[in-house]
Each structure stands twice: as structure tokens, then as C-alpha cells.
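S.K.: model this:
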Amino acid sequence: MSRDDAPTTLSGKERLVLELLAAKRDRMYGLELVAESHGRLKRGTVYVTLGRMQQKGLIEAEPEKFTDDSGLVPRRMYRATPYGLRVLRAWASVARALAWEAGS
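M.R.: Residues are numbered from 1 along each chain as shown. Presented below is the predicted three-dimensional model:
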């Protein structure tokens with residue numbers, strides 16, 4: 001199923017990852033996302049979540065680029081795709097509408 005075939009579901013963890021990436025407006029690596037989440041993401045599940053999000057087209061990843069020949073193993077750097085940001089905005093809009101209806 002592609003993103004054109006059916007609406008994309010968004011779990012709480014996926015929403016959190018998109019919110020963190022959107023707020024940072026930069027690439028982040030997995031353990032950085034865990035640290036920035038202040039305990040809401042766990043080391044043991046973040047990479048499963050990131051993999052699922054890549055399959056949905058919500059994020060993309062690329063190896064970290066080094067400016068020197070340090071020999072370090074590059075981390076995978078993640079960023080929200082334009083599609084992922086649209087899904088996040090749509091989710092936020094629906095959440096606001098539901099909150100408004102609940103308060104009526």
C-alpha cells in the first residue's frame with residue numbers, strides 16, 4: 001500500500017518523532033531523538049519506529065557526513081519528508097477540531 005492508496009495512520013511514537021524533527025528543523029540520529037523525547041521514546045523501540053516511518057514515507061535517512069577522515073562509523077541521520085510534515089499538520093488540525101468539539 002502506498003501513501004496514495006490509503007490514509008496514513010500515525011501512532012503516538014510516530015507523531016512524537018515527527019514533532020521532534022519538525023521542531024529541530026534539522027536531521028537527528030536515533031539516540032538524539034531518544035534524548036530529546038525526555039523518556040517518551042526508548043532506545044529499544046526507536047529504530048523499529050524509524051524503520052516503519054521510512055516505509056510509510058514519513059521520514060528519510062542518510063548516513064552522517066564527516067568533514068574529515070576520522071574513521072568513525074557514520075550514524076543514520078533522519079529528517080521528516082514533506083509528506084511526513086503534511087501528515088503531522090493534518091493530525092494536529094484534526095486533534096484541535098476534536099478538542100474543540102469535546103469542549104462544546
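S.K.: show me where this protein has helices.
M.R.: Using DSSP state H, the helices found in the chain span residues 12-24, 30-36, 43-56, 82-103.
S.K.: What is the second one packed up against?
M.R.: Contact analysis of helix 30-36 by 3 or more CB pairs under 8 Å, 6 or more residues apart in numbering; DSSP states H and E lists helix 12-24, helix 43-56, strand 76-80 as its packing neighbours. For the C-beta atoms, the positions are set from N, CA and C on the backbone; glycine is no exception.
S.K.: Now do the same contact list for Leu10.
M.R.: Leu10 is in contact with Leu18, Leu58, Val87, Leu88, Trp91, counting by CB atoms under 8 Å, 6 or more residues apart in numbering.
S.K.: Please tell me how far the last one sits from Met77.
M.R.: Spelled out, it's Trp91. In this structure, Trp91 and Met77 are 24 Å apart, going by CB to CB, to the nearest Å.
S.K.: mean confidence for stretch 39-50?
M.R.: Here the mean pLDDT over stretch 39-50 is 95, rounded to a whole number.
S.K.: List the buried residues for it?
M.R.: By neighbour count on 16 or more other CB atoms under 10 Å, the buried set for stretch 39-50 is Leu41, Val46, Thr49, Leu50.
S.K.: The third one touches Leu41, doesn't it?
M.R.: To tie it back to what came earlier, the one meant is Thr49. Yes - using CB atoms under 8 Å, Thr49 is in contact with Leu41, at 7.4 Å.
S.K.: What are the buried residues along the lowest-mean-pLDDT helix or strand in the chain?
M.R.: The helix or strand of the chain with the poorest confidence is helix 82-103; it has a mean of 85 (mean pLDDT, DSSP states H and E). By 16+ other CB under 10 Å, the buried positions in helix 82-103 come out as Gly84, Leu85, Val87, Leu88, Trp91.
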